[in-house]
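Colleague: need a structure here:
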Amino acid sequence: MADADPGGVSARARERGRDAVGSLGSGNHYLEVQYVDAILDAEAATAYGLAPEQVVVAIHCGSRGLGHQTATDWIARMRAKASHDGLTLPDPELACAPLDSATGRGYLGAMRAAGNCALAGRQVITQLVRDVFTELFPGSRLALLCDVSHNTCRIETHAVAGTPKRLAVHRKGATRAVGPHHPDRPPLYPGFGQPVLVGGSMGTASYILSGGDAAVDRSFASTCHGAGRAMSRKQALKRFRSREVLDALARDGVVLRAHDFRGVGEEAPQAYKDIEEVVWTTHALGLATHTARLRPMACIKG
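Modeller: Residues are numbered from 1 along each chain as shown. All right, here's what the predicted structure looks like:
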């Protein structure tokens, strides 16, 4: 991300991130070996380099403790400065700052720096995966389809009541869905929208979609980056035992490896909404069009 300011990242955040580069982390972060189960748009799939039965690797992780600490640090500053900036926060979690203030500019610079650390971390993991595949399958090649950050704030131009305006677009649990005719569309896939990666749970399908032009008018060029939770982590842990989840995945032919199996229950497939309904709704609304469906073979959790 351009205009990153590493100076806005505290010593504590740097320390938390120092040994975390190249690691997945906990929660819903994962590395999953998948295969292309179905091609839903042949032209877009060909442009993306996807083919039936092809093996792909999906990586979901962010800036780890560095990003979390950076957010914690700047949220505290925003809360402290709120009254000074003439802001009354209805809830402390809605901490914010004017973009033209020192606090607002400082936050954006630090957030962008954390986003770049997330990118670097995924690059390290990607290279480690390539090394393993090359060792086990000589001659194999893993080309990058798309690396996109979620949980970000980007300054973008969007039409509001017919008038173009520069807006701060916050995407939390969401991803960009830039259509084929949008000026910010990545140039790598001419004639097609930005690839949209919609990760499923470790026991369900995942999808690759193509950004649609309608998303600009309907959702500030945004869509989901997963199915979304149907129950909280706490509820899921009470309802699903790790052993039961592991056995169910094994019956479906999915191998799971985790640093700690105690938290597997909170990521049980049943703890999430139906990804089929989510993806088809996204497609029907024109936010993104379905391109390929992926099925898991092996899932690694931090």
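Colleague: which residues of the stretch 201-302 of the chain score low on pLDDT?
Modeller: The stretch 201-302 of the chain contains no residues with pLDDT under 70.
Colleague: And the helices in the protein?
Modeller: Remark: helices assigned in the chain by DSSP state H are 11-18, 42-48, 64-81, 102-136, 214-219, 233-239, 242-251, 275-284.
Colleague: list the helices and strands the third one packs on?
Modeller: In other words, helix 64-81. Contact analysis of helix 64-81 by 3 or more C-beta pairs under 8 Å, 6 or more residues apart in numbering; DSSP states H and E lists helix 11-18, helix 102-136 as its packing neighbours. Where you see a C-beta, it was placed from the backbone N, CA and C, and this is true even at glycine.
Colleague: Identify the neighbouring strands of the longest strand anywhere in the chain in the sheet and state each direction.
Modeller: Criterion DSSP state E: the longest strand present in the chain is strand 288-301. Strand 288-301 has the following strand partners under DSSP bridges: strand 30-39 (antiparallel), strand 206-211 (antiparallel), strand 255-258 (parallel).
Colleague: ok, and which of these has the densest surroundings?
Modeller: strand 206-211 (a mean of 27; mean count of other C-beta atoms under 10 Å).
Colleague: Now do it: everything it contacts.
Modeller: Strand 206-211 is contacted from outside by 32, 34, 41, 44-45, 48, 50, 58, 145, 176-180, 182, 185, 192-200, 221, 223, 275, 279, 282-283, 288-294, 296, using C-beta atoms under 8 Å, 6 or more residues apart in numbering.
Colleague: Next one: the closest residue to Arg293 other than its chain neighbours from Asp274, what distance?
Modeller: Leaving aside its sequence neighbours, Arg293 sits nearest to Ala38 (C-beta to C-beta, 6 or more residues apart in numbering; 4.3 Å). Here the criterion is C-beta to C-beta, to the nearest Å. By it, Ala38 lies 17 Å from Asp274.
Colleague: How about Pro190?
Modeller: From Pro190 to Asp274 the distance is 34 Å (C-beta to C-beta).
Colleague: Pick out whichever of the two has more residues nearby.
Modeller: Asp274 (13 against 9; other C-beta atoms under 10 Å).
Colleague: Spatially nearest residue to that one (excluding sequence neighbours)?
Modeller: Ala227 (6.8 Å).
Colleague: ok, now Val198?
Modeller: Per C-beta to C-beta, 6+ apart, closest to Val198 is Tyr207, 4.4 Å.
Colleague: picking that back up, just the buried members of the contacts of strand 206-211?
Modeller: Using 16 or more other C-beta atoms under 10 Å as the burial test, these include 32, 34, 41, 44-45, 48, 50, 58, 145, 176-180, 182, 185, 192-200, 221, 223, 275, 279, 282-283, 288-294, 296 as buried.
Colleague: Tabulate the helices of the chain in JSON lines, adding columns for distance to Ala95.
Modeller: Converted to JSON lines, those look like this (distance: least, C-beta to C-beta, whole Å):
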{"stretch": "helix 11-18", "distance to Ala95": "17"}
{"stretch": "helix 42-48", "distance to Ala95": "38"}
{"stretch": "helix 64-81", "distance to Ala95": "4"}
{"stretch": "helix 102-136", "distance to Ala95": "10"}
{"stretch": "helix 214-219", "distance to Ala95": "24"}
{"stretch": "helix 233-239", "distance to Ala95": "23"}
{"stretch": "helix 242-251", "distance to Ala95": "35"}
{"stretch": "helix 275-284", "distance to Ala95": "29"}
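Colleague: separation between His84 and Pro6?
Modeller: Noted for His84: a distance of 26 Å to Pro6, by C-beta to C-beta.
Colleague: sorry, back to before: verify the contact between the residue nearest to Arg293 and Ala292 for me.
Modeller: Yes - if you go by C-beta atoms under 8 Å, Ala38 and Ala292 touch, sitting 6.8 Å apart.
Colleague: His84 and Pro6: which has the busier surroundings?
Modeller: Comparing His84 with Pro6 by other C-beta under 10 Å, the one with more neighbours is Pro6, at 13 against 10.
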